[in-house]
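> model this:
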Amino acid sequence: MTLFGIPAVWIGSFAACLTTLCWLPQVIKLIRERETHAISLYANLLFWIGTFSWLCYGIAIRDWPVMLANGTTLGLTTLIIGMKLRYG
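This is a model prediction of the structure:
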């Protein structure tokens, strides 16, 4: 399957990389500054649950890109939640 002549797997992999790596600057900023006041714990918990669900879905259908992207995002979100709980 293609879109504008680009294989769908390439588009999906590109999207997975962007949506996964978008959390990296936030994690780096939190580690450096240890300031989490403006971070919503509840929003991140909901996001964590959604990402965990996507990871379970990826495992169920045995789709490595879905598993890898969501597993990485889950790890980054877990760091954000952990820092929020520690630094408030």
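
> separation between the residue nearest the centre of the chain and I61?
Residue closest to the mean C-alpha point of the chain, counted by CA atoms, centre = their mean, is T73 at 2.4 Å. Plainly put, T73 is 17 Å away from I61 if you go by CB to CB, to the nearest Å. For the C-beta atoms, the positions are set from N, CA and C on the backbone; glycine is no exception.

> Just the buried positions in stretch 67-86, please.
Neighbour counts over stretch 67-86 (16 or more other CB atoms under 10 Å) mark 67-74, 76-77, 80-81, 83-84 as buried.

> swap in stretch 53-67?
Quick answer for stretch 53-67 (16+ other CB under 10 Å): W54, L55, G58, V66, M67.

> What is the nearest of the residues you listed to I31?
Among these, L55 lies closest to I31 (CB to CB), at 23.2 Å.

> all helices of the chain, in order?
Along the chain, counting by DSSP state H, helices occupy 8-21, 24-33, 41-61, 64-87.

> Check which helices and strands the first one is in contact with.
In this structure, helix 8-21 packs against helix 64-87, with contacts taken as 3 or more CB pairs under 8 Å, 6 or more residues apart in numbering; DSSP states H and E.

> what does the helix it packs on contact?
The contact list for helix 64-87, computed with CB atoms under 8 Å, 6 or more residues apart in numbering, reads 9, 12-13, 16-17, 19-20, 23-24, 26-27, 30-31, 34-36, 39, 41, 44-45, 47-48, 51-52, 54-55, 57-59.
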